[in-house]
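Novice: sequence unknown, structure follows:
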């Protein structure tokens, strides 16, 4: 490729970027629900006929959707016409294109010279699509049927005309049809804008030039991605992460990864050893896709932060190949519930970070909080309509890195989420926000500390209000620190009634607070990076003065000795730090995970190796039954003989052969 060709390709890539940025602006400024116009859980893109995104916005909307394979939509019909708009939200009919029912995907064909050139795509996280809970997602749902209406790919608009029967079916099965229609029309307007802009480029440059630019933009991004990923040495590293439970049992859900680099920029992510799909909403229906952003987020971020001049498109995903076990929590089969699929995507982000920490020591951050709680406020008037308002996402902090502190109040996989301004929320829902701020002493300590978590207090003013709090995790197992850094704090959730009494909500999704009750949620911090005793005294003191680190914690964890409030005794501090026991520099998983692995580590490995031989429909039952037998035998730790006997008992119970 000549220098002139490279310049021309860069010009086209930026023209495509301008189109998608304008599309995003149309959705943002004309949408109706709080989740779209404030929180920005939406996306837009330009897409090839083969379903690859060749242009995606940089700073507006949900960055995590970049690279979603869209061939299930682009190939859904051979009967495309100008003015068509396809709509779908069905993970199973689209074989992992859509990932949960709240995501409404819309695709519009763009014709040049009477022939199909490409597609425009937009999605919104639809605040409510029916189902058992306001907002459609309950963590304890176990079937997709409980999560709302499913829409297989169908034309919402045919040749520019609304298919009213399709929309009526959708509207009749959600709680806020008018607001949802406002968001859908915002997406349709953005698709029309893309069509207009592509047609104008075609008039200026010609169809052939646009076709070459689309292909060339993806190819260039792939080349840059592979050059960047080649920095990962050839070989394999492995890592394990957990959800502390599956919301219906107390058995943790294991995620396992083997990351293999070929040394030339090709990466394989093998999720074998991850647990079977669960009877709750944590499942990811990825359709056995070989490339998917939700299972590659940390590597996409790695490329974007290291590859100068790269454009954001699906070319990055070409370098990352997935190996996914069937009927697993990362590759679920119908009819598994999947409402919390992004909670699992967040945890796989840190799963990859853990593997990269071994492959590139000292070059990537510690683990983040890797959980976020989305809160809804829902009210219903007897004989009238419903109102479902997204109150706020409550993420934790990100992990500290090799050269800087973690970010407070957000984590890398959800950095695109904005909070809802207090004034907007209090106008749209019968609540008062009593507090929204950083949570002191929640960070993972380190030379570069993790980001602080949040605390959020919401007072309910209406007598018939439902507060939905979905995505809860890290109540016991915390973020992990790296290279001597400490683990972060945990999440929690309580209620304080008007009379001053309190109650623990724990991990319940659907809350029924009393009028005047204040719901309080708090999130954990990211893990620390490096020994906290090496953190500059001035940096610790600044956190103390800001009220983010207590003086007691500054002394106990960072080794500071105070001569007076906000005044450090430098000599005593140096002496105290020199005498303190230094970290061994290993990963710090926190006391709860360390204790669980001490008791169950061997059992978890043996059970994970056995489960693929069990019929898929019985695997989660077989796993929990094995743990139940082990626990009934005593407190552990469980040796190989005990695990073997428990597996044999379950095999007999389920009438499974020994093979």
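Specialist: Yep, that arrived. For clarity, every value in this text was computed on a predicted model and none was experimentally measured. Residues are numbered from 1 along each chain as shown.
Novice: quick one: terminal-to-terminal distance for stretch 324-344?
Specialist: Using Cα to Cα, to the nearest Å, one end of stretch 324-344 lies 14 Å from the other.
Novice: in it, what counts as buried?
Specialist: 324-325, 327-333, 336-344 (16 or more other Cβ atoms under 10 Å). Where C-beta positions appear, they are placed from N, C-alpha and C, glycine not excepted.
Novice: hmm, who's touching the helix or strand harbouring residue 427?
Specialist: Using DSSP states H and E, residue 427 falls within helix 422-428. Around helix 422-428, the neighbours that count as contacts under Cβ atoms under 8 Å, 6 or more residues apart in numbering are 34, 38, 377, 387, 389, 391, 392, 431, 432, 433, 436.
Novice: State the distance from the last one to residue 620.
Specialist: In this case it means residue 436. For residue 436, the distance to residue 620 equals 37 Å [Cβ to Cβ, to the nearest Å].
Novice: Can you pick out the residue with more neighbours from these two?
Specialist: For the pair residue 436 and residue 620, the greater number of neighbours falls to residue 620 (24 against 18), based on other Cβ atoms under 10 Å.
Novice: Who are the packing partners of the following helix or strand past the helix holding residue 427?
Specialist: Downstream of helix 422-428, the first helix or strand assigned by DSSP H and E is strand 431-438. For strand 431-438, the packing partners by 3 or more Cβ pairs under 8 Å, 6 or more residues apart in numbering; DSSP states H and E come out as helix 422-428, strand 454-460.
Novice: just to revisit the earlier point, pull the distance from the helix holding residue 427 to the chain's centre.
Specialist: In terms of Cα atoms, centre = their mean, to the nearest Å, the centre of helix 422-428 is found 26 Å from the chain centre.
Novice: Quick check: which helices or strands does the worst-scoring helix or strand of the chain on mean pLDDT pack against?
Specialist: The weakest-scoring helix or strand in the chain, judged by mean pLDDT, DSSP states H and E, is strand 386-395 (a mean of 85). Contact here means 3+ Cβ pairs under 8 Å, 6+ apart; on that basis strand 386-395 packs against helix 34-37, strand 372-380, helix 422-428, strand 454-460.
Novice: what does the helix or strand hosting residue 468 rub up against?
Specialist: Following DSSP H and E, one finds residue 468 within strand 465-470. By Cβ under 8 Å, 6+ apart, the residues outside strand 465-470 that reach it are 133-135, 137-139, 339-340, 373-379, 391, 430-431, 458, 460, 493, 505, 508-513, 515, 519, 521.
Novice: Then stretch 42-50?
Specialist: Contacts with stretch 42-50, where a contact means Cβ under 8 Å, 6+ apart, come from 16, 19-20, 23-24, 27-28, 31, 36, 53-57, 61-62, 65-66, 70-71, 74, 107, 116-125, 183, 187, 190, 194, 198, 214-215, 218.
Novice: And for stretch 605-612?
Specialist: With Cβ under 8 Å, 6+ apart as the criterion, stretch 605-612 contacts 254, 256, 273, 275-276, 325, 619, 622-623, 626-627, 640, 643-644, 647.
Novice: Now with 6 Å, please.
Specialist: Residues from elsewhere that reach stretch 605-612, judged by Cβ atoms under 6 Å, 6 or more residues apart in numbering: 273, 619, 623, 626, 643, 647.
Novice: Can you point out the buried residues in that stretch?
Specialist: Judged by neighbour count (16+ other Cβ under 10 Å), stretch 605-612 contains these buried residues: 606, 607, 608, 610, 611.
Novice: How about the contacts made by residue 354?
Specialist: residue 239.
Novice: Could I get the buried residue list for the helix or strand where it lies?
Specialist: Following DSSP H and E, one finds residue 354 within helix 341-359. Along helix 341-359, these residues count as buried under the neighbour rule (16+ other Cβ under 10 Å): 341-357, 359.
Novice: cool, stretch 641-653 as well?
Specialist: 642, 643, 646, 647, 650, 651.
Novice: cool, stretch 132-144 as well?
Specialist: Under the neighbour-count criterion of 16+ other Cβ under 10 Å, stretch 132-144 has 133, 134, 135, 136, 137, 138, 139, 140, 141, 142, 144 buried.
Novice: again with stretch 393-408
Specialist: For stretch 393-408, burial by neighbour count (16+ other Cβ under 10 Å) applies to 393-402, 405-408.
Novice: Tell me who's in contact with residue 182.
Specialist: By Cβ under 6 Å, 6+ apart, the residues touching residue 182 are residue 32.
Novice: tell me which element it is part of?
Specialist: With DSSP H and E as criterion, residue 182 is part of helix 177-205.
Novice: Report the secondary structure state of residue 250.
Specialist: Using DSSP: H, G, I helix; E, B strand; the rest coil, the structure places residue 250 in coil.
Novice: Offset the numbering so it begins at 387, please.
Specialist: Okay, residue one is now 387; in that scheme the one you just asked about reads as residue 636.
Novice: Just the pLDDT at it, thanks.
Specialist: Residue 636 is assigned 90 on the pLDDT scale.
Novice: Can you give me the domain boundaries for the chain?
Specialist: What automatic domain parsing lists as the domains of the chain is 389-611, 753-917, 977-1039.
Novice: Tell me which of those is the most buried.
Specialist: Mean neighbour count (mean count of other Cβ atoms under 10 Å) peaks for domain 753-917 among those, with a mean of 23.
Novice: Quick check: mean pLDDT of stretch 828-839?
Specialist: Rounded mean pLDDT across stretch 828-839 is 98.
Novice: Actually, stretch 998-1010.
Specialist: The average pLDDT within stretch 998-1010 is 93.
Novice: same deal with stretch 952-964?
Specialist: pLDDT averaged over stretch 952-964 gives 94.
Novice: ok, and what's touching that stretch?
Specialist: For stretch 952-964, contacts defined as Cβ under 6 Å, 6+ apart pick out 919, 923, 927, 931, 945, 946, 947, 949.
Novice: Buried by neighbour count, from these: which ones?
Specialist: Buried members of these, scored by 16+ other Cβ under 10 Å, are 919, 923, 927, 945, 946, 947.
Novice: Filter those residues down to the ones in strands?
Specialist: In strands, judged by DSSP state E, none of the buried ones among the contacts of stretch 952-964 are found.
Novice: Looking at those residues, spot the one nearest residue 558.
Specialist: Comparing these against residue 558 with Cβ to Cβ places residue 927 closest, at 60.0 Å.
Novice: From the opening residue of stretch 450-462 to its closing one, how far?
Specialist: Distance between the boundary residues of stretch 450-462 (Cα to Cα) amounts to 24 Å.
Novice: what comes into contact with that stretch?
Specialist: Here stretch 450-462 makes contact (Cβ under 6 Å, 6+ apart) with 429, 433, 435, 437, 442, 472, 480-481, 483, 493, 505, 539, 675, 679, 698, 700, 703.
Novice: can you tell me which of the residues you listed are in strands?
Specialist: Per DSSP E, the subset of these in strands is 429, 433, 472, 493, 505.
Novice: quick one: which two of those are the most distant?
Specialist: Across the ones in strands among the contacts of stretch 450-462 (Cβ to Cβ), the longest gap, 15.7 Å, separates 429 and 472.
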